[in-house]
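Student: pasted the sequence and its predicted model underneath.
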Amino acid sequence: MSGNADELLSVSGLPPGPARSAFVSEPAAIPAGIGALLVSPRAYATQRELLAGFRWLRGHNPLGLIEVEGFDPFRPVTTYADIVEVSRRHDVFRSGDRANTLVPKATDRLARSLTGGSPHLMRTLLQMDAPDHPRYRQITQRWFARQSVAALEGRIRTIARGLIDGMAARAAGCDFVREVAQLYPLRVTMAMLELPDTDEAHLLGLIQELFRSQDEAPARDGRASRDPARHAQRLQDAVMEFDRYFAPLLERARRSPGDDLVSQIANAVIDGRPIGRFEAVSYLMVIVTAGHHTVGSAISGAIWALCENPDELRKVKSDPGLVPHLVEEAVRWTAPVQHVMRTATEDVVLNGRRVARGDWLMLCYLSGNRDEQAFDAPDRFCIGRDRSRNLAFGYGAHICLGQHLARLEMQVFFEELLPRLAWIEISGVPRRLASIFIGGPRALPVKFAML
Ligand code: HEM
């Protein structure tokens, strides 16, 4: 997972470039291979060439237009500063006007035909803009505030201990992703939504079905999806399954409302009218899914990196005060959300470069997190960086609603694991997800000894 940036550049065959200037008046033409990398799930799984491609873009043409067959043209936003700026100006760069992840044209067409014109198969906060976005976000804002999620700490700790006890019983080895990291956020979310333990396998199946539509086994030509139509259809099927699961829960919470999160959503009033079924189901769906893979990925990404950087593991084991730094570095390093899309609503100049109305912008968090202008030695996993510079939870109006919960989950997990861990090492071939959207390990075989 580690590697220095010059080495990465030579791997990709791209020329190392001059230091980035503050104002790029004559940006260099983007080598054709870079566009292909940005849409290739396989490139995200292997990462070396992709990171070199991002470095080239940051240094030479950070907002250049990319045209790849099968996709509408898009502009990758690759520097930390530009990602912050685009996210901050959410009135100009909107989330809902077009697909909010980079999808092939065929997927977009199918989504629109299934929905009667909308590019979105669900309607969550992620696809909304003002004035709806703040109204819907308001419904659960209090629930996800730092002080509110702190009340869940005891339950989260019990869940973490249970999984770590289970790990101790499998010291001969386990797949850390499947047997530990995936289950942890699922159990936390289920506790938060007060869902019965007996639903665990069903809910995990639903989430995995949704992710299967993202994590395509890479096609031989490395394109985004072997079959874009199948991708959209799978997504649609997963949405319908979630609807079957959540609709009765919402109905029950409407009949006998409580203080719980499902009741808050079920009984929300938007602009004088009760929230619609589609929006309520979408809301629960995004809470369950957005918090599942991301937290699991950041934890398993950290374990992978700690195995490869034993000095960092020793450092954090000997100073528990560093655990919050480990949490931030885990999220920066792994970038569980690798990109989201925005659409420009007017002609603007961004950091000295022209962006036209209608342009589709790809906020490349994976690149922003490795920006050498924002982080020293960005390609090193290093515990103890400035925690305020983390971009992996997004920025601005759409900043991750679950960020405090996510941090608490990770903090508690490492607080429980590290004192009990004598040693840990990778015992097989770890693999990353083959997805341009969701990032992190998909398999992490490890051996370890617990104290
Ligand atoms: C390490 C863990 C996590 C990471 C890296 C992460 C990352 C992100 C990012 C980058 C966004 C911004 C998307 C955009 O600007 O379009 C976002 C939004 C969101 N996240 Fe997270 N997330 C994590 C955990 C969670 C958890 C635990 C939950 C809930 C239980 C959650 C719920 C949401 C929701 C609902 C949004 C949409 C917010 C909005 O559009 O207003 N996330 N997340």
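Tutor: Nice, thanks for sending it over. The model shown is predicted, which means the values in this text are computed figures rather than measured ones.

Student: for the helix or strand containing Met285, packing partners?
Tutor: In this structure, Met285 is located in helix 277-290 according to DSSP states H and E. Applying 3 or more CB pairs under 8 Å, 6 or more residues apart in numbering; DSSP states H and E, we find helix 277-290 packed against helix 132-141, helix 200-212, helix 228-255, helix 261-266. C-betas here are computed from N, CA, C, even on glycine.

Student: I'd like the average pLDDT over whichever helix or strand comes after it.
Tutor: Sequence order places helix 292-308 as the next helix or strand after helix 277-290, per DSSP H and E. Mean per-residue pLDDT for helix 292-308: 97.

Student: tilt between helix 292-308 and helix 200-212?
Tutor: Angle of helix 292-308 versus helix 200-212, following axes from the mean of the first three to the mean of the last three CA atoms, to 10 degrees, is 80 degrees.

Student: and helix 292-308, which residues are buried?
Tutor: 292-307 (16 or more other CB atoms under 10 Å).

Student: and it, what does it pack onto?
Tutor: Using 3+ CB pairs under 8 Å, 6+ apart, helix 292-308 is in contact with helix 183-192, helix 200-212, helix 310-318, helix 323-334, helix 403-417, strand 421-426, strand 441-443.

Student: in the stretch 351-451 of the chain, which spans are strands?
Tutor: Using DSSP state E, counting those that start in this stretch, the strands of the stretch 351-451 of the chain run over residues 353-355, 360-364, 421-426, 431-432, 441-443, 445-450.

Student: coming back round to it: compare the helices and strands packed on helix 292-308 and say which comes out lowest on pLDDT.
Tutor: Ranked by mean pLDDT, the helices and strands packed on helix 292-308 end with helix 200-212 in last place, scoring a mean of 87.

Student: how far away is the residue of the stretch 1-150 of the chain found nearest the ligand from Ser367?
Tutor: The ligand sits closest to Leu125 of the stretch 1-150 of the chain, with a gap of 3.5 Å, by CB to the nearest ligand atom. Per CB to CB, to the nearest Å, Leu125 is found 24 Å from Ser367.

Student: ok so, going back, so which of the helices and strands packed on helix 292-308 is nearest the ligand?
Tutor: Of all the helices and strands packed on helix 292-308, it is helix 403-417 that lies closest to the ligand, at 3.7 Å by CB to the nearest ligand atom.

Student: after the host helix or strand of Val86, which helix or strand is next?
Tutor: Element membership of Val86, judged by DSSP H and E, is helix 80-88. Sequence-wise, the next helix or strand downstream of helix 80-88 (DSSP H and E) is strand 93-94.

Student: pLDDT averaged over that next one - what is it?
Tutor: On average, strand 93-94 scores 98.

Student: close to the ligand: what parts of the stretch 351-451 of the chain are there?
Tutor: Residues of the stretch 351-451 of the chain that fall close to the ligand, judged by CB under 6 Å from any ligand atom: Tyr365, Ala392, Phe393, Gly394, His398, Cys400, Leu401, Gly402, Leu405, Ala406.

Student: which ones among these map onto helices?
Tutor: Tyr365, Leu405, Ala406 (DSSP state H).

Student: quick one: Val177 and the ligand, what's the gap?
Tutor: Val177 sits 14 Å away from the ligand, going by CB to the nearest ligand atom, to the nearest Å.

Student: now swap in Gly384 and tell me
Tutor: Taken as CB to the nearest ligand atom, the span from Gly384 to the ligand is 19 Å.

Student: next: Thr294.
Tutor: Counting by CB to the nearest ligand atom, the gap from Thr294 to the ligand is 3 Å.

Student: in space, what's closest to that residue - neighbours in sequence excluded?
Tutor: Closest residue to Thr294 apart from its sequence neighbours, by CB to CB, 6 or more residues apart in numbering: Pro336 at 3.9 Å.

Student: tell me how many other residues surround that neighbour.
Tutor: Residue crowding around Pro336 was assessed by other CB atoms under 10 Å; the count is 26.

Student: number the residues from 49 up from this point.
Tutor: Sure, I'll start counting at 49 from here, so that last one is Pro384.

Student: that one is in contact with Phe485, isn't it?
Tutor: No: at 10.0 Å, Pro384 does not count as touching Phe485 under the criterion of CB atoms under 8 Å.

Student: okay, now the residue in the stretch 249-398 of the chain positioned nearest to the ligand: neighbour count?
Tutor: The ligand sits closest to Gly339 of the stretch 249-398 of the chain, with a gap of 2.9 Å, by CB to the nearest ligand atom. For Gly339, the count of nearby residues is 22 (other CB under 10 Å).

Student: for it, phi and psi?
Tutor: phi -90, psi -10 (degrees, to the nearest 10).

Student: and for it, nearest residue in space, chain neighbours not counted?
Tutor: Leaving aside its sequence neighbours, Gly339 sits nearest to Gly450 (CB to CB, 6+ apart; 4.9 Å).

Student: confidence score at that neighbour?
Tutor: For Gly450, the pLDDT comes out at 98.

Student: just Arg282 next, same as before
Tutor: pLDDT, Arg282: 77.

Student: before we move on, what about Pro64?
Tutor: On the pLDDT scale, Pro64 is placed at 41.

Student: then Ala159?
Tutor: Here the pLDDT value assigned to Ala159 is 87.

Student: so it makes contact with Gly165?
Tutor: No: with contacts counted by CB under 8 Å, Ala159 stays clear of Gly165, the gap being 9.7 Å.
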